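>>> Okay, here's the prediction I keep looking at, along with the sequence it came from:
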Amino acid sequence: MILLTTRIKFNIISYSLMKFMGKDYSHSTRKFVVAGVEMVIEASILGGVHISTLEDFLKENKIVAQYEVPRHLRKSSLAFCLKQDGKKYDILSLFAIAFKAKFYNNGDNAYQCSEMLGRSLGIEGNLDLFTVHDLEKHLKMLGEK
């Protein structure tokens with residue numbers, strides 16, 4: 001499951017992203033279950049790519065929308081995300097998006113949330129400027145839950 005979320009408490013970065021996109025979300029994360037425990041893996045400005053329990057995640061965030069990962073992509077999507085655990089957050093991509101850069105490419109050394117999830121869904125090309133809104137449009141094409 002892919003979750004589109006926003007912070008519960010005011011956060012200037014989250015707020016700015018929502019205003020920029022004209023949406024009520026600012027973040028995306030991948031939910032999965034391990035031994036009956038719901039977990040999320042995310043690329044976050046606060047900790048890079050990392051894993052936490054959904055329960056802990058929801059102490060600071062609220063879910064705005066949920067999208068099912070298509071069955072044929074579930075294993076490969078999760079495997080890709082888990083392989084990125086520990087990578088840095090790509091803060092420069094946020095500035096590139098905010099300033100409407102025509103091109104920015106850091107490779108796959110660091111990720112922002114929607115870039116990592118887009119790549120996990122098999123979207124090819126440079127995703128450094130891929131926004132949460134772009135991810136939502138792609139997910140809608142795959143089918144909303």
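Thanks, I have it. Residues are numbered from 1 along each chain as shown.
>>> any idea which helix or strand comes after the helix or strand bottoming out on mean pLDDT in the chain?
In the chain, no helix or strand scores lower on mean pLDDT, DSSP states H and E than helix 12-21, which sits at a mean of 66. Sequence-wise, the next helix or strand downstream of helix 12-21 (DSSP states H and E) is strand 27-34.
>>> how much does the helix or strand following that next one deviate in direction from strand 27-34?
Note on strand 27-34: by DSSP H and E, the next helix or strand toward the C-terminus is strand 37-44. Interaxial angle, strand 37-44 versus strand 27-34 (axes from the mean of the first three to the mean of the last three C-alpha atoms, to 10 degrees): 150 degrees.
>>> Which strands or helices does strand 37-44 pack on?
Judged by 3 or more C-beta pairs under 8 Å, 6 or more residues apart in numbering; DSSP states H and E, strand 37-44 is in contact with strand 27-34, strand 48-53, helix 54-57, helix 113-120. In this view, the C-beta of every residue, glycine as well, is placed from N, C-alpha and C.
>>> Confirm for me that Leu78 is in contact with Arg30.
Yes: under the criterion of C-beta atoms under 8 Å, Leu78 makes contact with Arg30 at 6.7 Å.
>>> Identify the contacts common to these two.
Contact with both Leu78 and Arg30 is made by residues 69, 120, according to C-beta atoms under 8 Å, 6 or more residues apart in numbering.
>>> Right, I'll call it a day here.
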